[in-house]
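J.: sequence and predicted model, in that order:
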Amino acid sequence: GENVEQHPSTLSVQEGDSAVIKCTYSDSASNYFPWYKQELGKRPQLIIDIRSNVGEKKDQRIAVTLNKTAKHFSLHITETQPEDSAVYFCAASDTRRSARQLTFGSGTQLTVLP
Amino acid sequence: ETGVTQSPTHLIKTRGQQVTLRCSSQSGHNTVSWYQQALGQGPQFIFQYYREEENGRGNFPPRFSGLQFPNYSSELNVNALELDDSALYLCASSLVGGDTQYFGPGTRLTVL
């Protein structure tokens, strides 16, 4: 089955700096890669996603890049703000399967220092 | 907020007991997935329901079972609770054919 590894497990940045979180996946059939943000005690919320036919996607301060050959994808947050502090999870899925299960990484605790 | 609701918020059970967790999908969503999130870990896929039938299952034993009702609400049942079942249980709903899964707030289960 699919295995997703995520690094780093913790990341501290100064407000205004950029943050990068990296994930690798094992199943070359995976074609959908969402990123979720989970604040303490709250539900995971989708912040951005990318499909395998696209190499990069941006949404304001957030961008995701995908390298299918190397089987890795990354989340980039620019101009970080204290409200960006949360746990971020990457995930992978093969949407051609009947059950579109998400396989998650182990999470990155991002702390933005004011 | 996404509209997915779960109940109860918190639950304490003892080893060997049975528990039922409930989920109400976002309006119009007919597919529901359940995930287990241990402390400090990413969510792990338990199973998915579509049209009231299980259509996919992760690496969880049969004592984890589920139901989906005609109104697309869902239940997760766990029998013979073990200490390791202590976790946050999340449900997520999606449109059939849709890739995006919207999560509920979760039920925190503690097994003593």
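T.: In hand now; what should we look at? Source: prediction; values computed, not measured.
J.: residues near whichever residue of chain B sits closest to chain A, how many?
T.: Residue nearest to chain A within chain B: residue B:56 (2.0 Å; C-beta to the nearest C-beta). The C-beta positions use only the backbone N, C-alpha and C, and glycine is treated the same way. Neighbourhood size, residue B:56 [other C-beta atoms under 10 Å in any protein chain shown]: 16.
J.: for it, give me its contacts.
T.: Residue B:56 makes contact with A:97-101, B:45, B:47-48, according to C-beta atoms under 8 Å, 6 or more residues apart in numbering or on different chains.
J.: likewise residue A:20?
T.: Counted by C-beta under 8 Å, 6+ apart, residue A:20 has contacts A:74-77.
J.: narrow the contacts of residue B:56 to those that are buried.
T.: Among the contacts of residue B:56, the ones that count as buried by 16 or more other C-beta atoms under 10 Å in any protein chain shown are A:99-101, B:45, B:47-48.
J.: and chain A, which residues reach chain B?
T.: A:1, A:4, A:6, A:32, A:34, A:36, A:42-46, A:49, A:51, A:89, A:91, A:93, A:95, A:97-107 (C-beta under 8 Å from any C-beta of the partner chain).
J.: secondary structure element for residue A:24?
T.: strand A:19-25 (DSSP states H and E).
J.: immediately after that strand, which helix or strand?
T.: With DSSP H and E, the next secondary element past strand A:19-25 is strand A:32-38.
J.: what's the angle from that next one to strand A:19-25?
T.: Interaxial angle of strand A:32-38 relative to strand A:19-25 (axes from the mean of the first three to the mean of the last three C-alpha atoms, to 10 degrees): 130 degrees.
J.: for strand A:32-38, name the packing helices and strands.
T.: Other helices and strands packing on strand A:32-38, by 3 or more C-beta pairs under 8 Å, 6 or more residues apart in numbering or on different chains; DSSP states H and E, are strand A:45-51, strand A:62-67, strand A:86-92.
J.: nearest spatial neighbour of residue 63, chain-adjacent residues omitted?
T.: Since no chain was named, I'll use chain A. residue A:76 (4.5 Å; C-beta to C-beta, 6 or more residues apart in numbering or on different chains).
J.: ah, I was thinking of chain B
T.: residue B:79 is the one closest to residue B:63 (C-beta to C-beta, 6+ apart), at 4.3 Å.
J.: what's the neighbour count on that neighbour?
T.: With other C-beta under 10 Å as criterion, residue B:79 counts 13.
J.: residues in contact with it?
T.: B:18, B:63, B:65.
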